[in-house]
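Student: curious how this folds, go ahead:
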Amino acid sequence: MASSSSSFPSEIVEYDSLNENEHSSTRGRSSASSRLFDVFINHRGPDVKHSLALQLYNSIKKTGFRPFLDSQEIELGDSIPSTLKNAIFSASIHIAIFSQGYAKSAWCLAELVLILQSGVKVIPVFYDVAPSDLRYIGKDVYAEAFANYKEKGRYLSQLEAWKKALHSVSLISGYECNKNDNDHDKLCEIIVSAVLKEVERIIPLDVAKHSTTLAKEFFNRQRSEYDRSTFLFDVREAAAKGELPCLQTKLLKDLFIEDHHKFQSTDEGISYLRYRLGKALLLRFLIVVDDIDHIGQLDALLVTDRHTLNPDSLVIVTTRDERLLIQASITLRYRMKEMNDKHSRELFCCHAFQQPYPNRGFEDLVESFVKGCGGLPLSLQVLGRHVSGSSEQRYWQRELDKVRKTLPGDIKQRLQISYDSLDREEKEIFMDIACFFVGKLKSTAIRVWECSGWKADLAVQILKDK
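Tutor: The predicted structure follows:
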């Protein structure tokens, strides 16, 4: 991603940087630069802001997706370059409206370069111009604007990149219209239909309500590389409730949008999914399977069956037991590490303040909570919700003192799941480690357990795998 100073008109960026510093103490709201958008509308305000651009914005918004139009989304105190860049790079699709005055706006041209850098699909709308006007800058509609830049010595280092961007977009199939057309409604309907089709194709995965920016960026970037995607939550819990057929139904619905077949049994789901997946070997899927605790769950979802998926599909499996990945012949394995301080702070604040940063005056208390959580997402979420809604620092301090002595029930309950999955011998060894052998040599502990007739080597390996 290019930096603001190299992508946007420098004198405006310098002014805006001062403006951003001036407003850096404004922390009570979520600025547009921290939000994600589905559609970005690139346009020149004086030409189409109050006509076609606004009409597209309102039509897309009615569908439930989130469009970005600068006049509607940028608020007083927002950093303009960072807000625009965030909106461009978070969008699933871009609309670029090329009007006769488009090239007079250095901002429009700078945005267009970033749009192409994002690698995301762009729909061009040629409004009172032809695609050839973008292709031959020297003699057509935009010639005067570029001549003025050269004559005044402005943006000289960026002119070539702007010309290349215009030329590239001129080769993309788009829509042509003019301001005297009486049927703007029909054009708007056609464009919105094309936008919805593309956004729905790569609709964001249903990740946690307050996932970190890193997680959002990863999933939103990954899903754009695949034809269809699905996120299957809490497979372990669903299996325990006998709801595996429901997960099979969700898998089918997400990957084959037109198919709403419902399964009454796991065997029925396996049979039908094998048939549908076998007919779709040309499609590349992104499938995330969250929290399995038995190999049969993967078998039921067919996600590790290499004969039913395109080799270019990506399947991500999370589990508390590494042995299950070995049983499923998953060779590329990653042991999760604790979250770093930045993302820990962000996750905690999203639950405590409904924003990724602390309210003024709570910075030290937040650091104490975050430090105590040790980078564990569950603790960060539970404790963040625990203090949410209180604006009294005394209350926060009192709760901090309490959780240092006793964990909240939500955390205990989740940790109990892992403990309950152990057999009696493994539980005894786990408790011995926690109470007596922290910091001691493993060989010493194993000799003690073996004297009791336990298969200590195997039990320790099982605990390590979990």
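Student: just how off-centre is stretch 364-382 within its chain?
Tutor: 22 Å (Cα atoms, centre = their mean, to the nearest Å).
Student: what's the span of that stretch, first residue to last?
Tutor: Terminal residues of stretch 364-382 lie 19 Å apart, using Cα to Cα, to the nearest Å.
Student: model confidence over it, on average?
Tutor: Predicted confidence along stretch 364-382 averages 89 (mean pLDDT).
Student: buried ones in it, by neighbour count?
Tutor: Buried positions in stretch 364-382, judged by neighbour count with 16 or more other Cβ atoms under 10 Å: 365-366, 369-370, 373, 375-377, 379-382. C-beta: built from backbone N, CA, C; applies to glycine.
Student: what of stretch 55-75?
Tutor: Quick answer for stretch 55-75 (16+ other Cβ under 10 Å): 55-57, 59-60, 63, 65-70, 72-74.
Student: pLDDT (mean, whole number) over it?
Tutor: Here the average pLDDT along stretch 55-75 is 78.
Student: before we move on, what about stretch 387-407?
Tutor: Here the average pLDDT along stretch 387-407 is 87.
Student: repeat that for stretch 410-418.
Tutor: On average, the pLDDT along stretch 410-418 is 74.
Student: in the buried residues of stretch 55-75, find the pair that's most separated.
Tutor: Across these, the longest distance by Cβ to Cβ is 21.9 Å; it joins Thr63 and Ile74.
Student: now the strands: where do they sit in the stretch 1-150 of the chain?
Tutor: All strands of the stretch 1-150 of the chain, identified by DSSP state E, counting those that start in this stretch, fall at 39-42, 67-68, 93-98, 122-127.
Student: mean pLDDT for these: which is lowest?
Tutor: For those, the bottom mean pLDDT is recorded on strand 67-68, which sits at a mean of 88.
Student: so what strands line up beside that one?
Tutor: Strand 67-68 has the following strand partners under DSSP bridges: strand 39-42 (parallel).
Student: so how far is the strand it pairs with off the chain centroid?
Tutor: That offset, for strand 39-42, works out to 18 Å (Cα atoms, centre = their mean).
Student: and the contacts of it?
Tutor: Outside of strand 39-42, the residues within contact range by Cβ atoms under 8 Å, 6 or more residues apart in numbering are 53, 56-57, 60, 65-69, 87-88, 91-97, 108, 111-112, 115, 195, 199.
Student: now, which of those lie within helices?
Tutor: Using DSSP state H, the subset of those located in helices is 56-57, 60, 87-88, 108, 111-112, 115, 195, 199.
Student: contacts only, for Gly384.
Tutor: Counted by Cβ under 8 Å, 6+ apart, Gly384 has contacts 347-352, 369.
Student: need the phi and psi values for it.
Tutor: phi -60, psi -50 (degrees, to the nearest 10).
Student: next one: the nearest residue to it once chain neighbours are set aside from Pro377, what distance?
Tutor: Once flanking residues are discounted, Gly384 sits nearest to His351: 2.8 Å by Cβ to Cβ, 6 or more residues apart in numbering. Distance check for His351 against Pro377: by Cβ to Cβ, to the nearest Å, it reads 10 Å.
Student: now the strands for the stretch 151-300 of the chain?
Tutor: So, for the stretch 151-300 of the chain - with DSSP E, counting those that start in this stretch - the strands run 175-177, 228-232, 285-292.
Student: could you dump the strand or helix carrying the residue nearest to Gly384 to CSV, C-alpha only?
Tutor: Using DSSP states H and E, His351 maps to helix 341-353. Only the C-alpha atoms of helix 341-353 are listed here, as CSV (Å, rounded to 0.1, in the frame of the first residue of the first chain):
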residue,chain,number,x,y,z
ASP,A,341,0.0,-6.1,22.9
LYS,A,342,-1.5,-4.0,20.1
HIS,A,343,-4.2,-6.5,19.0
SER,A,344,-4.9,-7.5,22.6
ARG,A,345,-5.6,-3.9,23.5
GLU,A,346,-7.8,-3.5,20.4
LEU,A,347,-9.8,-6.6,21.2
PHE,A,348,-10.3,-5.7,24.8
CYS,A,349,-11.4,-2.1,24.0
CYS,A,350,-13.8,-3.3,21.3
HIS,A,351,-15.7,-5.2,24.1
ALA,A,352,-15.2,-2.6,26.8
PHE,A,353,-15.7,0.6,24.9
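Student: following the chain past it, name the next helix or strand.
Tutor: Assigned by DSSP H and E, the successor of helix 341-353 is helix 363-373.
Student: so where's the stretch 151-300 of the chain shaky on pLDDT?
Tutor: 182-183, 200-224 (pLDDT under 70).
Student: can you rerun that using 90?
Tutor: Applying pLDDT under 90 to the stretch 151-300 of the chain flags the ranges 154-155, 176-231, 233-234, 237, 240, 253-262, 275-284, 290, 293.
Student: burial count for the residue nearest to Arg276 when sequence neighbours are not counted?
Tutor: In space, and not counting its chain neighbours, Arg276 is closest to Phe256: 5.9 Å by Cβ to Cβ, 6+ apart. Neighbour count of Phe256, defined by other Cβ atoms under 10 Å: 17.
Student: isn't Phe256 up against Tyr275?
Tutor: No. Phe256 lies out of contact with Tyr275 (Cβ atoms under 8 Å); the separation is 11.0 Å.
Student: what's the spacing between Arg274 and Ser59?
Tutor: In terms of Cβ to Cβ, Arg274 sits 41 Å off from Ser59.
Student: ok, now Leu365?
Tutor: According to Cβ to Cβ, Leu365 and Ser59 sit 45 Å apart.
Student: repeat for Ala147
Tutor: Counting by Cβ to Cβ, the gap from Ala147 to Ser59 is 36 Å.
Student: kindly report the same for Arg360.
Tutor: Distance, Arg360 to Ser59, by Cβ to Cβ: 39 Å.
Student: cool, Ile429 as well?
Tutor: Separation of Ile429 from Ser59 (Cβ to Cβ) stands at 63 Å.
Student: kindly report the same for Asp305.
Tutor: For Asp305 relative to Ser59 (Cβ to Cβ), the value is 42 Å.
Student: do Ser418 as well
Tutor: In terms of Cβ to Cβ, Ser418 sits 49 Å off from Ser59.
Student: neighbours around the nearest residue to Ile316 once chain neighbours are set aside, how many?
Tutor: Once flanking residues are discounted, Ile316 sits nearest to Val288: 4.7 Å by Cβ to Cβ, 6+ apart. Neighbourhood size, Val288 [other Cβ under 10 Å]: 21.
Student: wait, doesn't Val288 sit right on Leu232?
Tutor: Yes. Val288 is in contact with Leu232 according to Cβ under 8 Å; the separation is 6.7 Å.
Student: secondary structure class for the nearest residue to Gly374 once chain neighbours are set aside?
Tutor: Nearest non-adjacent residue to Gly374, counting by Cβ to Cβ, 6+ apart: Glu338, 6.0 Å away. At Glu338 the chain is in coil, as set by DSSP: H, G, I helix; E, B strand; the rest coil.
Student: show the pLDDT at Glu338.
Tutor: On pLDDT, Glu338 comes in at 84.
Student: residues contacting it?
Tutor: Counting by Cβ under 8 Å, 6+ apart, Glu338 has contacts 344, 374-376.
Student: for Ala300, state which of those is nearest.
Tutor: Nearest to Ala300 among these, with distances taken as Cβ to Cβ, is Leu376, at 29.6 Å.
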